[in-house]
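J.: heads up, no residue letters with this:
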């Protein structure tokens, strides 16, 4: 109990620390801002990338490669099959997401009680949730691509797609300027 109270005590809001954080973030020097954010950024990015990110991204890339190899993205299936896959994938993804969030709430309320009643972690099915949801949304997009009245909309996306690198660089520059104030 003492260790927990000590941990909670360290998490309390400190207005003085927040003022220092705001002052450091409002600095006009890019170097000072870089040095201020570097430790936090390194920890967060490294922890997430190596624990989860590589595996999540890798699994989704492999799923996309398999779907491409099977001709899924070449519109080889009928429109009704794409719609069926979309509805089934999105429904399965949402149900697994609800299950994960529900069990996460149970772990927050009483972790010991959750562990005693459940034999798997609350996020055990998260990779399947991602795969079903991605498959469902990809099918929905492919189904929508087959609709004639939306051809003007798809053409406008094609123009942006032809400028992907320029679009990415300008978005990065504008967001950096807007959100950091340089």
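T.: Everything's here; your move. Since the structure is predicted, the reported quantities are computational estimates derived from the model, not experimental observations.
J.: max-length helix in this protein?
T.: Longest helix in the chain, counting residues (DSSP state H): helix 79-109.
J.: Name the residues of the helix or strand that residue 135 is a member of that are buried.
T.: Element membership for residue 135 (DSSP states H and E) is helix 126-145. For helix 126-145, burial by neighbour count (16 or more other Cβ atoms under 10 Å) applies to 129-136, 138-140, 142-143. Quick note: C-beta positions are derived from backbone N, CA and C, even for glycine.
J.: on contacts alone, who are the packing partners of it?
T.: helix 54-69, helix 79-109 (3 or more Cβ pairs under 8 Å, 6 or more residues apart in numbering; DSSP states H and E).
J.: Pick the most buried one from those.
T.: helix 79-109 (a mean of 15; mean count of other Cβ atoms under 10 Å).
J.: model confidence over the helix or strand containing residue 168, on average?
T.: Here residue 168 sits within helix 164-180, counting by DSSP H and E. When pLDDT is averaged along helix 164-180, the result is 84.
J.: Tabulate the helices and strands packed on helix 126-145 (CSV), appending mean pLDDT and distance to residue 119.
T.: Output for the helices and strands packed on helix 126-145, formatted as CSV (pLDDT from 0 to 100; distance: least, Cβ to Cβ, whole Å):
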stretch, mean pLDDT, distance to residue 119
helix 54-69, 90, 22
helix 79-109, 93, 12
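J.: Would you reformat those helices as TSV and include distance to residue 36?
T.: Below are these laid out as TSV (distance: least, Cβ to Cβ, whole Å):
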stretch	distance to residue 36
helix 54-69	27
helix 79-109	32
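J.: Mind checking the ones you listed for the one nearest to residue 23?
T.: Among these, the nearest to residue 23 by Cβ to Cβ is helix 79-109 (34.0 Å).
J.: So what angle separates the directions of that closest one and helix 126-145?
T.: In terms of direction (axes from the mean of the first three to the mean of the last three Cα atoms, to 10 degrees), helix 79-109 departs from helix 126-145 by 150 degrees.
J.: right, and the helices and strands packed on helix 126-145 - which one's nearest residue 16?
T.: By Cβ to Cβ (comparing all of those), the closest turns out to be helix 79-109, at 29.5 Å.
J.: so which of the buried residues of helix 126-145 would you say is closest to residue 39?
T.: Closest to residue 39, out of all of the buried residues of helix 126-145 and judged by Cβ to Cβ, is residue 130, at 30.0 Å.
J.: contacting residues around that closest one?
T.: 56, 59-60, 93 (Cβ atoms under 8 Å, 6 or more residues apart in numbering).
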